[in-house]
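Peer 1: could you look at this predicted model? Sequence included:
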Amino acid sequence: MDKRFTTKENPIILGIESSCDETAASVVCGRKILSDEIVSSADIQSLYGGVVPEIASRAHTDAIAKVVERAVKNAGIDYSQIDAIAVTYGAGLLGALLVGVSFAKAFAYALNKPLIAVNHIRGHLAAAYLQDETLKPPFITLLASGGHTAILHTKTESEFEILGATTDDAVGEAFDKVARVLGLKYPGGPNIERLAKEGKNTVPMPQMFKGNGGYNFSYSGLKTAVINYCHTKEQKGETYEKADVASSFQSTALDVLVKKTVAAAKERKVSTVTAGGGVVANGYLRTALTNACEKEGLKLVLPEKRYCTDNAAMIASEGLVQYKLGNFADFDLTAKASIPLSATLKTVQNKA
Ligand code: AMP
Ligand code: MG
């Protein structure tokens, strides 16, 4: 336990997130969200077909002070009531992360409050705690995001076992790449979901369960099959229904996640399932997971859609986990562009 600060039962934590194109700040008290502010540069980024790091950094610099000010004001507190400041230090765009980290360090120093370094993916995993204040491990967690796809056995708030993960592309990455081939704008995932609603599952897709592969996944074959299908049609001058491609791809990419998550819960004899990451905002996945868990008698805790995509409440939520462990950061904290999943899930006990 860090001796520099005394901790309390239900602290007020300010969360700050700036890892990609969203500048976000949120105030939570224990697991209750008091405020949640977000400013996105996605509209500008979509003009370029993806996130331009320099544009993201500049947008964060413009927005951060206003977003934090609004979060504190809307929480109905004053700055002195904040017990800790939790900030995303990685993984993400280096320049973007540095805006949040520098701001949080200055803020923590000025207020003389502890600074908490939060791993962005751990934030996605902790979003479920905001949905159900009584939620306690053990549970099986589906992590489905732009950079990671994995099934975890969450044993305590800070101990995880990776049961399976993608061996190549992440599911969100596959959504983004397929969206591009279909001529959809950034961000790809939500646009595929929208288009898929108008389509039917009529386009042949590769088998996702070959050899069953334990709890591992592979998305590169599926992505390539969709790209080849579209290119072949175009080269032959044949027309094809993009909505059918979107629908067939979406169900193939997501059904496997649902099946393996439920199978893991049954095999591990764990009765609760949670999920986190941007792809969990997908309506098809949410319905399929809800139905499968209901059928198997499993309790499902799904964060609201807005807490699946990037937000600062989830950063404050993981901040609370670290706060309870006394894991406070020093002012030499710096941003990290990439962090492997194994390191992400490892909790280092600080300052014994
Ligand atoms: P994350 O990396 O967890 O922050 O989430 C970003 C990823 O989630 C991107 O790859 C998005 O395309 C994906 N995503 C966001 N919303 C949806 C959606 N509604 N359906 C599918 N993928 C989505
Ligand atoms: Mg994210």
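Peer 2: Received the coordinates, thanks. Ligands and ions are numbered 1, 2, ... in the order given.
Peer 1: any residue of the longest helix belonging to the chain up close to ligand 1?
Peer 2: Longest helix of the chain, by residue count under DSSP state H: helix 242-267. No: judged by Cβ under 6 Å from any ligand atom, helix 242-267 makes no contact with ligand 1; its nearest approach is 7.6 Å. C-beta here means a position set from N, CA and C on the backbone, and glycine is covered the same way.
Peer 1: helix or strand next in line after that helix, which one?
Peer 2: From helix 242-267 onward toward the C-terminus, using DSSP states H and E, the following helix or strand is strand 272-276.
Peer 1: quick one, that following strand and helix 242-267 angle?
Peer 2: In this structure, strand 272-276 runs at an angle of 140 degrees to helix 242-267, with axes from the mean of the first three to the mean of the last three Cα atoms, to 10 degrees as the basis.
Peer 1: how far does stretch 273-290 stretch from start to finish?
Peer 2: Start-to-end span of stretch 273-290 (Cα to Cα, to the nearest Å) is 10 Å.
Peer 1: that stretch - what's its average pLDDT?
Peer 2: In this model, stretch 273-290 has an average pLDDT of 98.
Peer 1: for Tyr323, give me its contacts.
Peer 2: Residues in contact with Tyr323 (Cβ atoms under 8 Å, 6 or more residues apart in numbering) are Thr7, Pro11, Ile13, Asp83, Ala84, Ala86, Pro114, Ile116.
Peer 1: one more time with 6 Å
Peer 2: Pro11, Ala84 (Cβ atoms under 6 Å, 6 or more residues apart in numbering).
Peer 1: ditto for Ala253
Peer 2: Contacts for Ala253 (Cβ under 6 Å, 6+ apart) come out as Val171, Ala174.
Peer 1: pull out the buried residues from the longest helix of the chain.
Peer 2: Using 16 or more other Cβ atoms under 10 Å as the burial criterion, the residues of helix 242-267 that qualify are 242-258, 260-265.
Peer 1: can you tell me the residue of the stretch 201-350 of the chain closest to ligand 1?
Peer 2: Gly278 (2.0 Å; Cβ to the nearest ligand atom).
Peer 1: test my guess that that residue contacts Thr309.
Peer 2: Yes: counting by Cβ atoms under 6 Å, Gly278 does reach Thr309; the two are 4.9 Å apart.
Peer 1: quick one: Leu93 and Val52 touch, right?
Peer 2: No: using Cβ under 6 Å, Leu93 makes no contact with Val52, being 9.6 Å away.
Peer 1: and these two? Which one has more around it.
Peer 2: Leu93 (21 against 17; other Cβ atoms under 10 Å).
Peer 1: spit out the contact partners of the more buried one.
Peer 2: Pro53, Ala56.
Peer 1: SS state for the residue lying closest to Ala150 once chain neighbours are set aside?
Peer 2: Nearest non-adjacent residue to Ala150, counting by Cβ to Cβ, 6 or more residues apart in numbering: Ala165, 4.0 Å away. Under DSSP: H, G, I helix; E, B strand; the rest coil, Ala165 falls in the strand class.
Peer 1: where along the chain do the helices fall?
Peer 2: Going by DSSP H, the chain shows helices at 42-46, 53-74, 94-111, 120-131, 171-181, 188-196, 220-235, 242-267, 283-295, 313-325, 341-344.
Peer 1: count of neighbours near the closest residue to Gly30 other than its chain neighbours?
Peer 2: Leaving out its chain neighbours, the residue that sits closest to Gly30 by Cβ to Cβ, 6+ apart is Asn10, at 3.6 Å. Asn10 sits with 12 neighbouring residues when counted by other Cβ under 10 Å.
Peer 1: which of the helices of the chain is buried the deepest?
Peer 2: Mean neighbours per residue, mean count of other Cβ atoms under 10 Å, is largest over the helices of the chain for helix 313-325, with a mean of 27.
Peer 1: for ligand 1, what are the nearby residues on this structure?
Peer 2: Close to ligand 1, as judged by Cβ under 6 Å from any ligand atom, the chain has residues 124, 145-147, 172, 175-176, 187-190, 193, 277-279, 281-282, 309-310.
Peer 1: next up, the contacts around Glu37.
Peer 2: Glu37 makes contact with Ala25, Val67, Arg70, Ala71 under the criterion Cβ under 6 Å, 6+ apart.
Peer 1: if we use 8 Å, what do you get?
Peer 2: Ala24, Ala25, Ser26, Val67, Val68, Arg70, Ala71, Asn74, Ala312.
Peer 1: next: Lys177.
Peer 2: Lys177 is in contact with Asp169, Gly188, Lys223, Ile227, counting by Cβ under 8 Å, 6+ apart.
Peer 1: now swap in Ile44 and tell me
Peer 2: Ile55, Ala59.
Peer 1: i'd like the first residue to be 294 from this point on
Peer 2: Sure, I'll start counting at 294 from here, so that last one is Ile337.
Peer 1: how near is it to Ser395?
Peer 2: Separation of Ile337 from Ser395 (Cβ to Cβ, to the nearest Å) stands at 22 Å.
Peer 1: likewise for Lys559?
Peer 2: In terms of Cβ to Cβ, Lys559 sits 46 Å off from Ser395.
Peer 1: ok, back up a step: so which of the contacts of Glu330 is the closest to Glu454?
Peer 2: Ala605 (27.8 Å; Cβ to Cβ).
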